[in-house]
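Student: Pasted the sequence and its predicted model underneath.
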Amino acid sequence: MASSVAEKLAGVRVGDGDGWASVAPNLRKNLGVLSSEEIELAKMLLHEGQKHLFDHWPEPGVDDGRKKSFFDQVARLNSSYPGGLVSYIQNAKRLLADSKAGKNPYDGFTPTVPSGEVLKFGDDNFIMLEEVGVREARKAAFVLVAGGLGERLGYKGIKLSLPVETTTGRCFIQHYIESILALQEASSRQAQGQCKAEIPLVIMTSDDTHSPTVDLLESNNYFGMKSTQVTLLKQEKVACLDDNDARLAFDPNDKYKIQTKPHGHGDVHALLYSSGILEIWRTAGKKWVLFFQDTNGLLFKAIPASLGVSATKGYHVNSLAVPRKAKEAIGGITKLTHTDGRSMVINVEYNQLDPLLRATGHPDGDVNCDTGFSPFPGNINQLILELEPYFEELSKTQGAISEFVNPKYKDSTKTSFKSSTRLECMMQDYPKTLSPSARVGFTVMDTWFAYSPVKNNPEDAAKVPKGNPYHSATSGEMAIYRANSLILKKAGIQMSDPITDVFNGQEVEVWPRITWSPKWAVTFSDVKRKVEAGCSVSQISTLVINGQNVFLDSLSLDGTLIVNAIDEAEVKVTGSVQNKGWVLEHIDYKDTSIPEKTRIRGFRIQKIEQLELNYTEPGNFCFKS
Ligand SMILES: O=c1ccn([C@@H]2O[C@H](COP(=O)(O)OP(=O)(O)O[C@H]3O[C@H](CO)[C@H](O)[C@H](O)[C@H]3O)[C@@H](O)[C@H]2O)c(=O)[nH]1
């Protein structure tokens, strides 16, 4: 139990009599049933104003097992929160009082637009930074936060199991793992002569996502990663609160259980710290920790250059950002300057940016400026932290992150809630506690190659204001094809223009369906090396490259081409490939005869005709059609 509890209860030891329980007579009657640890927890709960938890307790001998399991849960809630339940309840009382009083968390702060690194895909600076990033990658560790339910998407499985695109059907976790392995290999190649480094991956899960995540990894052999390279850390939910006095809420179905809800992705810091994994990484010589989210199929196109920015600028904290449309559901990176002179560069969450701007002399709130975008860059919640200062900071805070509460009040008296609430925290709030000397920066990149999340269900996506991104399964998949087509175009391939089509009520650009396995190209330089002059791809085409050493040379593609090659096979593809190809068939998200993974996109792929090339033996090959 947290020592602060023991300190508070000093002088009231077990065996001192049961007078301390007189405020909760039904608990008092049951003390004989409880162990000394359970009694300590009971004292703590009473001390923190939680006597109502015992009001319904029957005589000893009735429901004793359930009374015990109640304390099992209390012990778990107590040990999984920095400072224990005492801190949780006290923080809740403070934040609920602030919320009732209408206190603005940004009181005294004025927001301005900060300046950061702006990257242009493919220019000399970008290429230089990618090279630095690949070199640094061997000293990196990745952390994927994947404990969220994805309520807005409403998909029944875990989001990590969704296909990034349906041309290959490769799911998010597979894509992430293969991208990390490709980066690991590329980094090791650059550091020839030094020993091969493994890039570790931590996945934060929750009760909602843990077992399906384990099943997905195990049934797919960890998608080629060593199982020892992957660590799963499960976040616990936190207790729900019924009123402004932070009385803990009962589970609606069980009076011996406290209702719990997710605490938010900010838990990742406390979990990394308490698991001891940061120590292991320090000992192993790691230098960078890269945090990312469950559904962004473009992310790894942005990783090498962004890590290059962290390394060249010496950033302790580097947040990745994209130009943000006003009211888009991504936080705004903002410089906040306090009247007392303090200032910080921090994410202001999307629901708080508009009120903050209105309260500080911007009567129109969160609106676009003449660029057509919000002046505040949009946080995509991809953070790159330098391990050493991160570890030092967590040694002070144990990973506790600034929290907030968002109760839905019944009326303007703000005395009762429509339903229970809880404290929440966000991983991007980590810099809030840093000293002004910390090097906090951010990197802005074009959305087309850095950010395409899958968060909204088809119905809500179709209602997104025109011009704002849909963030749906449809737009997420189309963004992959668009980015790959644009990258190949920049590398010199003549690429047909996209057509516009509408799927599940969302108008999108449809580019050729081009995908490649991450090991084909980690950086833009890799792409350029593998694409020779004179290639062209028509709009109806599909191109799948599965292999490290596949080279396109004077290839004219009008149809579907799939190239599968083992690493030891060097394959040059040239000539003209023409066939009926694969076409997109419109489907409706309400058509339950089609699997949910597919119908949420509004299309499915009809595989009519293709050319598939397979190279399973080492050697040099040239295919000319
Ligand atoms: O308790 C939780 C809640 C969420 N997550 C994970 O955290 C990530 C982000 O969750 P959401 O997608 O629900 O996040 P939001 O869209 O609400 O917002 C977050 O992501 C946006 C960009 O995608 C913006 O950066 C925004 O500022 C940031 O808070 C996901 O991978 C999710 O699985 C957890 O691990 N545990």
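Tutor: Noted; the coordinates are in hand.
Student: in the stretch 101-250 of the chain, which ranges drop under the pLDDT threshold?
Tutor: 193 (pLDDT under 70).
Student: Remind me which helix or strand residue 584 belongs to.
Tutor: strand 582-586 (DSSP states H and E).
Student: ok, now residue 356?
Tutor: Residue-wise, residue 356 maps onto helix 350-359 under DSSP H and E.
Student: Just list the residues touching the nearest residue to residue 252 once chain neighbours are set aside, thanks.
Tutor: Nearest in space to residue 252, with sequence neighbours left out and distances taken as Cβ to Cβ, 6 or more residues apart in numbering, is residue 259 at 6.8 Å. Backbone N, C-alpha and C define where each C-beta goes, glycine included. Residue 259 makes contact with 239, 240, 248, 249, 250, 251, 252, 420 under the criterion Cβ atoms under 8 Å, 6 or more residues apart in numbering.
Student: Would you map the strands across the stretch 401-550 of the chain?
Tutor: Using DSSP state E, counting those that start in this stretch, the strands found in the stretch 401-550 of the chain span residues 403-405, 416-421, 423-425, 440-444, 494-495, 499-503, 506-510, 513-516, 536-537, 542-546, 550-558.
Student: I'd like the ones you listed written out as CSV, with mean pLDDT added.
Tutor: Shown next, in CSV, are the strands of the stretch 401-550 of the chain (pLDDT from 0 to 100):
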stretch, mean pLDDT
strand 403-405, 94
strand 416-421, 94
strand 423-425, 96
strand 440-444, 95
strand 494-495, 98
strand 499-503, 98
strand 506-510, 98
strand 513-516, 98
strand 536-537, 98
strand 542-546, 98
strand 550-558, 98
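Student: Would you mind saying which of the ones you listed lies nearest the ligand?
Tutor: In terms of Cβ to the nearest ligand atom, the element of those nearest to the ligand is strand 423-425, at 7.8 Å.
Student: Give me the sheet partners of the closest one and which way each runs.
Tutor: strand 403-405 (antiparallel) (DSSP bridges).
Student: The strand it pairs with and the ligand, are they touching?
Tutor: No: under the criterion of Cβ under 6 Å from any ligand atom, strand 403-405 makes no contact with the ligand; the nearest approach is 11.4 Å.
Student: got the contact list for that strand?
Tutor: 91-92, 95-96, 99, 105, 241, 266, 421-425.
Student: Pull out the buried positions in the helix holding residue 356.
Tutor: 350, 352, 353, 354, 356, 357 (16 or more other Cβ atoms under 10 Å).
Student: So which elements touch it?
Tutor: strand 109-112, strand 332-338 (3 or more Cβ pairs under 8 Å, 6 or more residues apart in numbering; DSSP states H and E).
Student: pLDDT of stretch 448-458, averaged?
Tutor: Mean per-residue pLDDT for stretch 448-458: 97.
Student: swap in stretch 82-99?
Tutor: Per-residue pLDDT values over stretch 82-99 give a mean of 95.
Student: How far away from the center of its chain is that stretch?
Tutor: From the chain centre to the centre of stretch 82-99 is a distance of 26 Å (Cα atoms, centre = their mean, to the nearest Å).
Student: which ones are touching residue 129?
Tutor: 119, 304, 305, 306, 308, 309, 312.
Student: ok, it to the ligand distance?
Tutor: From residue 129 across to the ligand, the span is 22 Å (Cβ to the nearest ligand atom, to the nearest Å).
Student: For that residue, what are phi and psi?
Tutor: Listed backbone geometry of residue 129 is phi -70, psi -40, with angles given as degrees, to the nearest 10.
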